[in-house]
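S.K.: below are the sequence and a predicted model for it; my questions follow.
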Amino acid sequence: MEDNKRPLLPNINYPADLKQYKEEDLEQICQELRQYIIDVVSVNGGHFGASLGVVELTVALHYALNTPYDKLVWDVGHQAYGHKILTGRKSVFHTNRLLHGISGFPKISESEYDTFGVGHSSTSISAALGMAVASHLKGETDRQHVAVIGDGAMTAGLAFEGLNHAGIENSNLLVILNDNCMSIDPNVGALKEYLTSITTSKSYNRFRDDVSNALIKLSELGPNAHKFVKKIEKSVKGTLLKQSNLFEALNFRYFGPVDGHDVKKLAAIIKDLSAIPGPKLLHCVTVKGKGFALAEKDQTKWHAPGLFDKITGEIKKSVNEKPQPPKYQDVFGHTLVELAEANPAIVGITPAMPSGSSMNIMMKAMPKRAFDVGIAEQHAVTFSAGLASQGLVPFCNIYSSFMQRAFDQVIHDVAIQNLNVVFCLDRGGLAGADGATHHGAYDIAFMRCIPNMTVSAPMNEEELRNLMYTAQLKDQGPFSIRYPRGSGVLPDWKRPLKELKIGKGRKICDGEDVALLTIGHVGNFAVAACKELNSEGIHPAHYDMRFVKPLDEELLHEVFKRYKKVITVEDGCLPGGMGAAILEFMVDNNYQSTVIRLGIPDDFIDHGEQAELWSICGFDTAGILKAVKSMVVGRTTSSIAS
Ligand SMILES: Cc1ncc(C[n+]2csc(CCOP(=O)(O)OP(=O)(O)O)c2C)c(N)n1
């Protein structure tokens, strides 16, 4: 932007304001919007590269469409920061992802412009199609429905299910494929190669120009315009395009590839496409991180870089004098390689999360034995089942919340056949700023109801290593190991591996009156609570259950015989969770203790720092202290957030 140009973004709060400007102003608006995102995300954190990559697309969409009457659906939604800023949330954008602030993803309850709540990928085509069919049934034939989906999200089965259905519905649906060749890590698979081939093909590029020229002329052509464009398309395809087009084969009309950073042209094309009925796909080529050199260069690192200096690009890291405990995900990554070196049957599988899960450590060390299968959790699980059926030991690492997608595959393909697939569920428990869509709240509950499944959670890095070691020892059947986002507690984590007895917990300390039964990392909160309580003369017993299934019945008999007051603590949903399992045990065995269950209540927990959310749900150290004290003095307390 030239210095003497008057800034425009301060006057734009809603799409109606944007529409006041001329097409010639759109580039300047894009530059200012991009800078606004950089300014706020650099000091506030959040997703970065994806929103920068769709600045022009965002401006063009709100300029050309009549939102919110027209329905705009973002896939995943991590790229929707520009959309939020242009739709009434500029002044609160600095609260993005903070406790009580706006959500980092589109959310129906937040704005009428957020047509569909997202966070998990590949839902946009189905959702927008549903809206388009609803409009059709309601006779609202002038309404546009647009799904914006990345090439990464397009790899999921759900996206294809949507395309497959849309191809036979004559509804007003425009799918915009935002192709930047990236998922979080580089995108993978044959579809990606196909998209690259049509992006670089000369004939397609010529086709693109012919079609966009035809479209630009469309408005001048009067009532026969659609027929004319269709004719041009056909002849261009017939003569220049010898190869078939995947989307055309699915009854979509394919347009592109177009430059996703040419805002004026994009706005014109979107306007023109609105006049064409039926399912259409516009293939936009963009650069993830566009406009911030470092983000363009290292797109994985800048997917969600944390805080950074917006001038130098230096990513801020806390400096510690003492060695710090590692992240659980890194303990997983290094331990997997260590195990795989000793056991040639081990293979690694990740659905599109090599960096997020640290599976990239194995992918680098043993590229032939570690697979990124794309955003395809269901496939990841059934693929693992196939590998296991042939005697291999797959370590299938999926974030707890994304595993929700593959519930049937876990039961039907793995558990019924009792196959030895090791599920390593990262981000188990409250995940933090990503919010309700990303909290790993349900895995304990949904894994423990499956026959044959071992359900475990380590309290620290050493236990994670030992559980992983145990899970691959001999034919153990399906085995779930869940651990949270973030760091453990042991700076010296690399301890010798040893077998754990399946279904055996451990006593951390004996006590009086009250017993604390914990599962996983929250056991450390209980240790801290006990320390404080001990100094006040209160001595709860503490047991680390390690396994939710099978439960350590011997341990539980000891607990219920000795303690009339029991507190269960888990970073998971209370309905169906570990506490519920212990209540079942208590009733089945005719014990009558008073039990308080601490965990995630039967509610969706919004975004915030992990520690803030643990506190809200009442199972952090302070929450445990409060629960113990309420039991010791005989008062009752709510087991869930107040
Ligand atoms: C079901 C599911 N699995 C994994 C993820 C994690 N995830 C968030 S964004 C992303 C990459 C999406 O790539 P793409 O759709 O191409 O968008 P881009 O970031 O490149 O703009 C992934 C894998 C998710 N959100 N949902």
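M.R.: Okay, I see it.
S.K.: ok, residues contacting stretch 603-612?
M.R.: The contact list for stretch 603-612 (C-beta atoms under 8 Å, 6 or more residues apart in numbering) reads 97-101, 103-104, 430-436, 439, 441, 484-486, 613, 616-617, 620, 640-641. All C-beta spots, glycine's among them, are computed from the backbone N, C-alpha and C.
S.K.: just the buried members of the residues you listed?
M.R.: Buried members of the contacts of stretch 603-612, scored by 16 or more other C-beta atoms under 10 Å, are 97-98, 101, 103-104, 430-436, 439, 441, 484-486, 613, 616-617, 620, 640.
S.K.: among those residues, name the ones in helices.
M.R.: 613, 616-617 (DSSP state H).
S.K.: between those residues, which sits nearest the ligand?
M.R.: The ligand lies nearest to Leu613 out of those, by C-beta to the nearest ligand atom, at 19.0 Å.
S.K.: not counting its neighbours along the chain, what's nearest the closest one?
M.R.: Distance criterion C-beta to C-beta, 6 or more residues apart in numbering; nearest residue to Leu613, sequence neighbours excluded, is Leu430 at 4.4 Å.
S.K.: what score does that neighbour have for pLDDT?
M.R.: The model reports Leu430 with a pLDDT of 98.
S.K.: what do you get for Val319?
M.R.: For Val319, pLDDT reads 85.
S.K.: so it is in which element?
M.R.: Using DSSP states H and E, Val319 sits in no helix or strand.
S.K.: could you report the neighbour count for it?
M.R.: Using other C-beta atoms under 10 Å, the number of residues around Val319 comes to 5.
S.K.: would you pull up the residue in the stretch 1-150 of the chain closest to the ligand?
M.R.: For the stretch 1-150 of the chain, C-beta to the nearest ligand atom, closest residue to the ligand: Gly150, 2.2 Å.
S.K.: just give the nearest non-adjacent residue to that residue, would you?
M.R.: Asn178 (4.9 Å).
S.K.: ok, the one you found - contacts?
M.R.: Counting by C-beta under 8 Å, 6+ apart, Asn178 makes contact with 53-54, 57, 79, 148-151, 260, 284, 286.
S.K.: repeat that with 10 Å
M.R.: By C-beta atoms under 10 Å, 6 or more residues apart in numbering, the contact set of Asn178 is 50, 53-54, 57, 74-75, 79, 148-154, 260, 282-286, 288.
S.K.: ok, Ala471 next?
M.R.: By C-beta under 10 Å, 6+ apart, the residues touching Ala471 are 339, 393, 395, 420-424, 454, 456, 477-481, 500, 502.
S.K.: which of those fall in helices?
M.R.: Leu339.
S.K.: so what's the residue count around Leu177?
M.R.: Using other C-beta under 10 Å, Leu177 has 24 neighbouring residues.
S.K.: which SS state does Ser630 fall under?
M.R.: Of the three states, Ser630 takes helix under DSSP: H, G, I helix; E, B strand; the rest coil.
S.K.: which positions in the stretch 301-450 of the chain make contact with the ligand?
M.R.: Along the stretch 301-450 of the chain, the residues adjacent to the ligand under the rule C-beta under 6 Å from any ligand atom are 352, 375, 377, 402, 405.
S.K.: equivalent analysis for the stretch 151-300 of the chain, please.
M.R.: 151-153, 178, 180, 182-184, 288.
S.K.: return the backbone torsion pair for Glu314.
M.R.: For Glu314, the backbone dihedrals (degrees, to the nearest 10) come out as phi -70, psi 130.
S.K.: still on that earlier bit, among the contacts of Asn178, which are located in helices?
M.R.: Using DSSP H to define helices, the subset of those located there is 50, 53, 57.
S.K.: and the closest residue to the first one other than its chain neighbours, what are its phi and psi?
M.R.: Spatial nearest neighbour of Ala50, excluding adjacent residues (C-beta to C-beta, 6+ apart): Gln79 at 3.7 Å. When quoted as degrees, to the nearest 10, the phi and psi of Gln79 stand at phi -100, psi 10.
S.K.: for Ile538, see how far away the nearest residue to Ile502 once chain neighbours are set aside is.
M.R.: Of all residues not flanking Ile502 in the chain, Thr454 sits nearest, at 5.9 Å (C-beta to C-beta, 6+ apart). Here the criterion is C-beta to C-beta, to the nearest Å. By it, Thr454 lies 34 Å from Ile538.
S.K.: just Val188 next, same as before
M.R.: Taken as C-beta to C-beta, the span from Val188 to Ile538 is 54 Å.
S.K.: cool, and Pro491?
M.R.: Using C-beta to C-beta, one gets 30 Å for the distance from Pro491 to Ile538.
S.K.: what about these two, which has more around it?
M.R.: Each of Pro491 and Ile538 has its neighbours counted (other C-beta under 10 Å); Ile538 has more, 20 against 13.
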